[in-house]
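*Asks:* When you get a sec, could you give me coordinates for this:
(4 chains)
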Number of protein chains: 2
Amino acid sequence: MSFEGQPPAKMRLLRAAAELLANSAGAPVSTRQITQLAEVSAPTLYHHFGDKEGLFDAVVSAGFEEYVAGERDFAPSGQPLVDIRRMWDNHVQFGLNQPELYLVMFGNIRPESRPAIVADAEALMEEMLNKAAAAGQLSVQPREAARSILAANVGVTLMLIAEAVVDRNLDLSTMTRDAMIYAVASDQAEQNGNESSGKSSVVVAAIALNAALQSSHSDQLSSSELKLFLEWLHRISTSSTT
Amino acid sequence: MSFEGQPPAKMRLLRAAAELLANSAGAPVSTRQITQLAEVSAPTLYHHFGDKEGLFDAVVSAGFEEYVAGERDFAPSGQPLVDIRRMWDNHVQFGLNQPELYLVMFGNIRPESRPAIVADAEALMEEMLNKAAAAGQLSVQPREAARSILAANVGVTLMLIAEAVVDRNLDLSTMTRDAMIYAVASDQAEQNGNESSGKSSVVVAAIALNAALQSSHSDQLSSSELKLFLEWLHRISTSSTT
DNA sequence: GCAGTTCATATAGCGTTGCTATAGGTGCTA
DNA sequence: TAGCACCTATAGCAACGCTATATGAACTGC
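*Replies:* Numbering: from 1, shown residues only, chains lettered A, B, ... in the order given. Predicted structure coming up:
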């Protein structure tokens, strides 16, 4: 959605809202400020965007599309998980660069109002994770992984926004990012090279655990618990792969 | 901060605000609603709390202290990492039970306005992680781990709140929680390919199976069986030594 | 060329919001 | 009884999101 072909008033409103959202550090932005800066009167705003939130949505989705576009461009590094890392960092940077926009997008999300942007972000992340899954580098389903990573990504970004700029420590982001990616990656289920089916990885892992439990006795479960546990383990490890 | 000894008006304001915040599903709560329900007129509110946000802060911190108290009580399970899990789950439940309060606390956090509650939550989490660190179960500094886990916890909770109640899937919480705890726990040794130190192969295999089970819902166990199975699995995978 | 329709903008103002200037009541201490 | 804190109320301000209504411009069909 380029700004070029739009009627002047609508475009000026978008620009004014974006500028005010970007510059007013934390303070809420009123429709009167926006219309005044855009040199337009109130009904024009509502004619074009229906709502104050409609205007903000437009600004957000414009900014988000820009961010997504820049994201897709330099993404194909061959290593999907590396791309995920970069995607995470870009997300954080986007939030820190435009905290107001970001808070509108991810801070006030309520059930009835705004799953749209979140769904977009999830889809983008999932798309990248699909490549990782295709390369056998994922130990969980891409959709679940995407939701999980995005949730952590949002949480970290909100925390960083909440901190004073002075003592913002990006180690929080780095650490959480690597934790999430590592947890989702398949390098601890190292058998995924030959069998990429999710179910078979369960079986393989169950067999491995079974073997490990036989050799070294764990004291974390009582004997009765262990007995039942082993039985279940057996049921899992002998299940047919579909 | 008990409610008992307070003058009636102040207490009635707190109760009214809490009730309106809890019951008004998503809609903003106005001071007039509050003062009307509390049978009090406007200046009284500002006399006692200075601000609308001051009132909300009071409500929030009351609720938060209650939540913290309930948290500390049943916490000492001996296994710090298990306690962290429970703490995570309680955090999510707190957010889902009182979404309005939660959004006030963690959704709108801006640099100048509200690091207080966040700091409290961090401190609580850190306190628990210190025990884990003392038991040699942590591979990173408790403070960093607490910040990281809390950030992910907040992100997950916000995501769940944003979803319609119907299709809320708590797997998102479970998966992210275990990912974070696992990443922070000291069994990270094999992350660097150094498998001999620290964890036994039982733990490694248990973790792998856990991850695999998260991705593909096995139909070999009933849901109640699976729940208990996963619980045991986690006990094994968070055990400190063999 | 001109009526009809549609789109875009403006004037003025409604109802509600958070908040306050001012003042009156209440109970305590002296 | 006087004085003094504390607590509460009447009334109202400025700002908010939003809209009923109206005017101008641009295009369309005849």
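*Asks:* So which bits of stretch A:31-44 are buried?
*Replies:* The neighbour-count check on stretch A:31-44 (16 or more other C-beta atoms under 10 Å in any protein chain shown) flags A:31, A:34-35, A:37-38, A:40, A:44 as buried. To be clear about C-beta, it is placed using only N, CA and C from the backbone, and glycine gets the same treatment.
*Asks:* ugh, wrong one, stretch A:81-95
*Replies:* A:81, A:83-88, A:90-92, A:94-95.
*Asks:* Sort out for me which of these are in helices.
*Replies:* Using DSSP state H, A:81, A:83-88, A:90-92, A:94-95 are the members of the buried residues of stretch A:81-95 that sit in helices.
*Asks:* Which member of those residues is positioned nearest residue B:184?
*Replies:* Each of those was scored against residue B:184 by C-beta to C-beta, and residue A:88 proved nearest at 17.5 Å.
*Asks:* what sits against that closest one?
*Replies:* Residue A:88 makes contact with A:149, A:153, A:173, A:177, A:180-181, according to C-beta atoms under 8 Å, 6 or more residues apart in numbering or on different chains.
*Asks:* If we use 10 Å, what do you get?
*Replies:* Contacts of residue A:88 were listed using C-beta atoms under 10 Å, 6 or more residues apart in numbering or on different chains, and they are A:125, A:149-150, A:152-153, A:156-157, A:173-174, A:176-178, A:180-181.
*Asks:* so of these, which ones are in helices?
*Replies:* A:125, A:149-150, A:152-153, A:156-157, A:173-174, A:176-178, A:180-181.
*Asks:* Pipe the residues you listed into JSON lines and attach distance to chain B, neighbour count and pLDDT per row.
*Replies:* Output for those, formatted as JSON lines (distance: C-beta to the nearest C-beta, whole Å; neighbours: other C-beta atoms under 10 Å in any protein chain shown; pLDDT from 0 to 100):
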{"residue": "A:125", "distance to chain B": "12", "neighbour count": "23", "pLDDT": "90"}
{"residue": "A:149", "distance to chain B": "8", "neighbour count": "29", "pLDDT": "96"}
{"residue": "A:150", "distance to chain B": "8", "neighbour count": "25", "pLDDT": "95"}
{"residue": "A:152", "distance to chain B": "4", "neighbour count": "30", "pLDDT": "96"}
{"residue": "A:153", "distance to chain B": "7", "neighbour count": "27", "pLDDT": "96"}
{"residue": "A:156", "distance to chain B": "4", "neighbour count": "29", "pLDDT": "96"}
{"residue": "A:157", "distance to chain B": "8", "neighbour count": "26", "pLDDT": "94"}
{"residue": "A:173", "distance to chain B": "9", "neighbour count": "25", "pLDDT": "95"}
{"residue": "A:174", "distance to chain B": "10", "neighbour count": "16", "pLDDT": "94"}
{"residue": "A:176", "distance to chain B": "5", "neighbour count": "30", "pLDDT": "95"}
{"residue": "A:177", "distance to chain B": "10", "neighbour count": "23", "pLDDT": "94"}
{"residue": "A:178", "distance to chain B": "7", "neighbour count": "15", "pLDDT": "91"}
{"residue": "A:180", "distance to chain B": "6", "neighbour count": "28", "pLDDT": "93"}
{"residue": "A:181", "distance to chain B": "9", "neighbour count": "21", "pLDDT": "91"}
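*Asks:* For these, which two are the farthest from each other?
*Replies:* Longest span within these, C-beta to C-beta: A:125 and A:174, 17.8 Å.
*Asks:* Can you give me the domain assignment for chain A?
*Replies:* A:1-50, A:60-188, A:195-237 (automatic domain parsing).
*Asks:* re the thing from before, out of the buried residues of stretch A:81-95, which is nearest to DNA strand D?
*Replies:* residue A:95 (22.3 Å; C-beta to the nearest atom of the strand).
*Asks:* per-residue confidence at that closest one?
*Replies:* The model reports residue A:95 with a pLDDT of 87.
*Asks:* Test my guess that residue A:30 contacts residue A:52.
*Replies:* Yes - look at residue A:30 against residue A:52 with C-beta atoms under 10 Å: they come within range, at 8.6 Å.
*Asks:* Low-confidence stretches in chain A?
*Replies:* A:1-7, A:25-26, A:70-71, A:74-76, A:109-115, A:187-228, A:231, A:234-242 (pLDDT under 70).
*Asks:* Going by proximity to DNA strand C, name the top residue of it.
*Replies:* For chain A, C-beta to the nearest atom of the strand, closest residue to DNA strand C: residue A:9, 2.8 Å.
*Asks:* For stretch A:9-28, buried residues please.
*Replies:* Result for stretch A:9-28 [16+ other C-beta under 10 Å]: buried residues A:9-10, A:12-14, A:16-18, A:20-22.
*Asks:* Tell me which of the residues you listed fall in helices.
*Replies:* A:9-10, A:12-14, A:16-18, A:20-22.
*Asks:* how far away is residue A:123 from residue A:143?
*Replies:* According to C-beta to C-beta, to the nearest Å, residue A:123 and residue A:143 sit 10 Å apart.
*Asks:* Provide a list of residues in contact with the closest residue in space to residue A:138 that isn't next to it in sequence.
*Replies:* Computed as C-beta to C-beta, 6 or more residues apart in numbering or on different chains, the closest residue to residue A:138 that is not its neighbour in sequence is residue A:132, at 4.9 Å. By C-beta under 10 Å, 6+ apart, the contact set of residue A:132 is A:79-84, A:138, A:142, A:145, A:181, A:184-186.
*Asks:* Likewise for residue A:64?
*Replies:* Applying C-beta under 10 Å, 6+ apart, the residues near residue A:64 are A:57, A:71, A:94, A:98, A:101-102, A:105, A:117, A:120-121, A:124.
*Asks:* before we move on, back to that, if you count surrounding residues, which of residue A:123 and residue A:143 has more?
*Replies:* Using other C-beta atoms under 10 Å in any protein chain shown, the more surrounded residue of residue A:123 and residue A:143 is residue A:143, with 15 against 12.
*Asks:* Which neighbouring elements make contact with the helix or strand the more buried one falls within?
*Replies:* Secondary structure assignment for residue A:143, by DSSP states H and E: helix A:142-162. Packing partners of helix A:142-162 (3 or more C-beta pairs under 10 Å, 6 or more residues apart in numbering or on different chains; DSSP states H and E): helix A:80-97, helix A:99-102, helix A:116-134, helix A:171-184, helix B:115-134, helix B:142-162, helix B:171-184, helix B:201-215.
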